[in-house]
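Undergrad: Need a 3D model of the sequence below.
(one chain, ligands or ions: 1)
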Amino acid sequence: MMNKRKCCSMIAARGVIVALTSLGAGCSTYVAPVENQDGGGDTSVGVEGAVSFAANIQPIFTTTCAGCHSPGGIADMAGIPTFLREGESYDMIVNVTSVQDDGLVLVVPGDSATSLLFQKVSSDSPPVGNRMPLFAPVLSDNEIKLIQDWIDQGAENN
Ligand code: HEC
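TA: Prediction:
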């Protein structure tokens, strides 16, 4: 997978600057999934606005994040052990401390504003590292709102 140049920037992970372009033969051929651009698959919120982790949040992670956030993926290679594949993502993020800054928590139930994961998908200048998804178009407003509401509703494994 590591055979293209130019797609990677300097990445700060574990307090160290990792230049992915300098790893091995170059950089990943990662291409942003096209369906990400208008946030397909995320419109099935219940009438009361209750967000389901399984139905609304995991599909975003699976489509947009898990390619890098899996064993052997770019995030893993950069020292980020946050796997966002179905079945393991919840335990990897809720009440879990950031490996890049142990003063930050990835998902704080009930508090999206202080949740690093939310900050990283909603802000161009998160407190640590880059906006997510890295090297891909930003999430749609609807996807960002779903993640915000899911966290503010208690970040349940529902
Ligand atoms: C192209 C690969 C790539 C994609 C796609 C990607 N990430 Fe990342 N992610 C990284 C890398 C590399 C880091 C470490 C550097 C940084 O934070 O910028 C990281 C860091 C993170 C962190 C911080 C982990 C910690 O402990 O500090 C979170 C949270 C995160 N990503 C969430 C996501 C989410 C949610 C998505 C999908 C919306 C996503 N990422 C998509 C590569 C990726």
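Undergrad: Give me the three-state assignment for the closest residue to the ligand within the chain.
TA: Here the residue of the chain nearest the ligand is G129; by Cβ to the nearest ligand atom that distance is 2.2 Å. All C-beta spots, glycine's among them, are computed from the backbone N, C-alpha and C. In terms of secondary structure, G129 is coil; the call rests on DSSP: H, G, I helix; E, B strand; the rest coil.
Undergrad: Help me confirm that it comes into contact with S123.
TA: No. Shown here, G129 and S123 do not form a contact pair, counting by Cβ atoms under 8 Å, at 11.0 Å.
Undergrad: Look at these two and report which has more neighbours.
TA: Each of G129 and S123 has its neighbours counted (other Cβ atoms under 10 Å); G129 has more, 18 against 13.
Undergrad: circling back to that earlier point, relative to K120, how far out is the residue of the chain closest to the ligand?
TA: As judged by Cβ to Cβ, to the nearest Å, G129 and K120 stand 7 Å apart.
Undergrad: swap in V128?
TA: Distance, V128 to K120, by Cβ to Cβ: 8 Å.
Undergrad: So if I had to pick from those two, which one is more boxed in?
TA: Neighbours were counted for V128 and for K120 using other Cβ under 10 Å; K120 has more, 20 against 16.
Undergrad: Going by secondary structure, the more buried one is in what exactly?
TA: Secondary structure assigned from DSSP states H and E places K120 in helix 116-122.
Undergrad: Not including adjacent chain positions, what is the nearest residue to G73?
TA: Using Cβ to Cβ, 6 or more residues apart in numbering and skipping the chain neighbours, the partner closest in space to G73 is G67 (6.1 Å).
Undergrad: Wasn't the one you found part of a helix?
TA: No. The secondary structure assignment for G67 gives coil rather than a helix, going by three-state DSSP.
Undergrad: In this structure it contacts A75, no?
TA: No. The pair formed by G67 and A75 falls short of the contact definition of Cβ under 8 Å, at 9.3 Å.
Undergrad: who does the longest helix along the chain touch, helix- and strand-wise?
TA: Secondary structure assigned by DSSP state H gives helix 141-152 as the longest helix of the chain. Helices and strands touching helix 141-152, by 3 or more Cβ pairs under 8 Å, 6 or more residues apart in numbering; DSSP states H and E, are helix 58-60, helix 116-122.
Undergrad: mind running it again at 7 Å?
TA: For helix 141-152, the elements it packs on are helix 116-122, judged by 3 or more Cβ pairs under 7 Å, 6 or more residues apart in numbering; DSSP states H and E.
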